[in-house]
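Chemist: Everything below, folded, please.
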Amino acid sequence: MSGPELQSALVRPGGLWRSVEVLPEIASTNSELLDRARHGEPGGAVLAADHQTAGRGRLDRGFAAPPRAALTVSALVRPAVPPTRLGWLPLIMGVAAVRALQSGPGVLAVLKWPNDLLAQGSELKLAGILSEAAFPGDPAAAGGESGGVGIGVVIGIGLNVSQRREELPVETAGSLALCGAPDADRQELAAALLGEFSALYTAWSAAGGDAEAAGLAERYRACCATLGRRVLAHLPGGRELRGRAVDVGEGGHLAVRDDAGEEHLLSAGDVVHLRPDQD
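Modeler: Sure, this is the predicted structure:
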């Protein structure tokens, strides 16, 4: 991928994106951008890589792909919305990915709450999304300084693009190439994805993080395959919750109604695994 070309395509006066950088190799785009955020990097920064050597997913699960076979990109934003609504940020990236794939290579995808992108009609995972926050004065920053800026959130996505079956780590993983798009271009995908994210994020931010008012909640429900299904949620401490996923709430929480009719709100941090359950 070309950083200057993406910069030219995405950075506009008054727009969300301020800088776009593409590195040939890095351990993790999320880790690097999160560290920069802790040291005061302004919002609107994008970092991508042709190869990640230590990519991470949710709960520090590894993400691995051959060089130039996946789209690995992270974005830093500093939203001026109530912190309770920040859970929508990875969901925004998910909706942006669904829209970018449909309008570009023509691959139909759906979302599995909270952070997976699946090929439509299957359980094959095409991408994972990781959202991490850096707070003002975060002690992880050298000297505890963060430049006097507010909360920063890094949202990263690892999208399998050209991998063959033997290059994927598990049978439940898929790629765009295996879904009928062998010529999908990472540069074009990155531009489309970040363009879609910018439009959705701008509307959400202008609405103060109110996903309903911004029309985001409706768009998310339309492409979320989790809603309406029975699910089994594995929770910390070995606990389990069975029920039907009925909605996504104000903070991006998943509402699950158990068999006794009680509704539970789950955040991404509450869930170790979320799997389909028997109807």
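Chemist: pLDDT averaged over stretch 192-209 - what is it?
Modeler: Across stretch 192-209, pLDDT averages out at 98.
Chemist: Touching it from outside, list them.
Modeler: 6, 10, 15-17, 20, 46, 71, 73, 75, 77, 79-82, 85-86, 88-89, 92-93, 95-97, 99-100, 103-104, 155, 157, 159, 210-211, 213-216, 219 (C-beta atoms under 8 Å, 6 or more residues apart in numbering). C-beta here means a position set from N, CA and C on the backbone, and glycine is covered the same way.
Chemist: So how do I select the buried members of the residues you listed in PyMOL?
Modeler: Entered in PyMOL, the line below selects the buried ones among those, by 16 or more other C-beta atoms under 10 Å:
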select buried, resi 6+10+16+17+20+46+71+73+75+77+79+81+85+86+88+89+92+93+95+96+97+99+100+104+155+157+159+210+211+214+216+219
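Chemist: Which ones among the contacts of stretch 192-209 map onto helices?
Modeler: 6, 10, 89, 92-93, 95-97, 99-100, 103, 216, 219 (DSSP state H).
Chemist: what does stretch 239-259 contact?
Modeler: 84-91, 113-114, 210-212, 217, 220-221, 224, 226-235, 263-268, 271, 274, 277.
Chemist: Which residues does Gly158 form beta bridges with?
Modeler: Beta bridges link Gly158 to Thr72, Gly128 when assigned by DSSP bridges.
Chemist: Show me just the buried residues among the contacts of stretch 239-259.
Modeler: 85-91, 113-114, 210-211, 217, 220, 224, 226-227, 231, 233, 266, 268, 271, 274, 277.
Chemist: Contacts only, for Pro182.
Modeler: Pro182 neighbours (C-beta under 8 Å, 6+ apart): 162, 176.
Chemist: Give me the distance between it and Ser162.
Modeler: 7 Å (C-beta to C-beta, to the nearest Å).
Chemist: shared neighbours, the two?
Modeler: Leu176.
Chemist: Show me the shaky parts of the protein.
Modeler: Along the chain, segments meeting pLDDT under 70 span 55-64, 136-149, 279.
Chemist: again, only using 90
Modeler: Within the chain, the ranges that satisfy pLDDT under 90 run 1, 52-68, 121-123, 134-150, 169-170, 236-238, 250, 268-270, 272-273, 275-279.
Chemist: Do a quick rundown of the helices in it.
Modeler: 3-10, 29-38, 89-103, 186-206, 216-223.
Chemist: got those helices as TSV, with distance to Asp247 columns?
Modeler: Output for these, formatted as TSV (distance: least, C-beta to C-beta, whole Å):
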stretch	distance to Asp247
helix 3-10	33
helix 29-38	29
helix 89-103	13
helix 186-206	18
helix 216-223	8
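Chemist: Skipping adjacent residues, who's closest to Leu265 in space?
Modeler: Distances taken as C-beta to C-beta, 6 or more residues apart in numbering put His253 closest to Leu265, at 4.3 Å, once the chain neighbours are dropped.
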